[in-house]
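>>> predicted model and sequence below, questions to follow.
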Amino acid sequence: MAASASRFIKCVTVGDGAVGKTCMLICYTSNKFPTDYIPTVFDNFSANVVVEGTTVNLGLWDTAGQEDYNRLRPLSYRGADVFVLAFSLVSRASYENIVKKWIPELQHFAPGIPLVLVGTKLDLREDKHYLADHPGLVPVTTAQGEELRKHIGASYYIECSSKTQQTAFKLDLSDDDAMTSAPLMRYAD
């Protein structure tokens, strides 16, 4: 049976620089992990998924987390259906910046848009070699991520590793409300 008319959903990913936003989106759209780090200014990815007979085109907007782009970044927020706030599970500063920087920015430029909180670099959280090379590093725990999700009012909290693809990036539009209101994002094993 052919899919019915398509729907477009704009998903904007924000978070500090180098937390893994671009890798997450590249892995989702191509199932390939990029080996080179190239700081993003702005980039767009697209993916089509069929949910209950309806084709959904996901416009995945990747934004720059660096302060140099504070004035340009909000231009990508217009028309967003959902924001993915990303932080690295091995960067306490990126975790703290969700509340200090990203929530105030989104409340100012795009109030009321649904949020999904994503902790990236899950593979490094328990990597003994990585932790040995970074003495004093205290990774963010699942409980702390869940606590932050509640604090900021995000719909979901997900932890993922783009490198190992420990969790798969997936848009869940299967519940009835999702097709008529805000899209929700989740990861599945």
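Happy to help now that I have it. Residues are numbered from 1 along each chain as shown.

>>> residue ranges with poor pLDDT in this structure?
Within the chain, the stretches with pLDDT under 70 are 1-5, 37-43, 68, 168-189.

>>> show me the strands in it, by range?
4-14, 42-51, 54-63, 82-88, 115-120, 156-159, 168-172, 184-188 (DSSP state E).

>>> nearest to Leu75 among those would be which one?
In this view, the strands of the chain are compared for proximity to Leu75 by CB to CB, and strand 42-51 is the closest at 8.4 Å. C-beta: built from backbone N, CA, C; applies to glycine.

>>> excluding covalently adjacent residues, which one is nearest to the spatially most central residue of the chain?
Taking CA atoms, centre = their mean, the centroid of the chain lies closest to Val84, which sits 3.7 Å from it. Excluding the flanking residues, the one nearest Val84 by CB to CB, 6 or more residues apart in numbering is Thr13, at 4.5 Å.

>>> beta partners of the one you found?
Beta-bridge partners for Thr13, by DSSP bridges, are Asp62, Val84.

>>> and it, how many neighbours does it have?
26 (other CB atoms under 10 Å).

>>> need the contact list for it.
By CB atoms under 8 Å, 6 or more residues apart in numbering, Thr13 lies in contact with 21, 24-25, 60-63, 83-84, 86.

>>> if we use 7 Å, what do you get?
21, 25, 60-63, 84, 86 (CB atoms under 7 Å, 6 or more residues apart in numbering).
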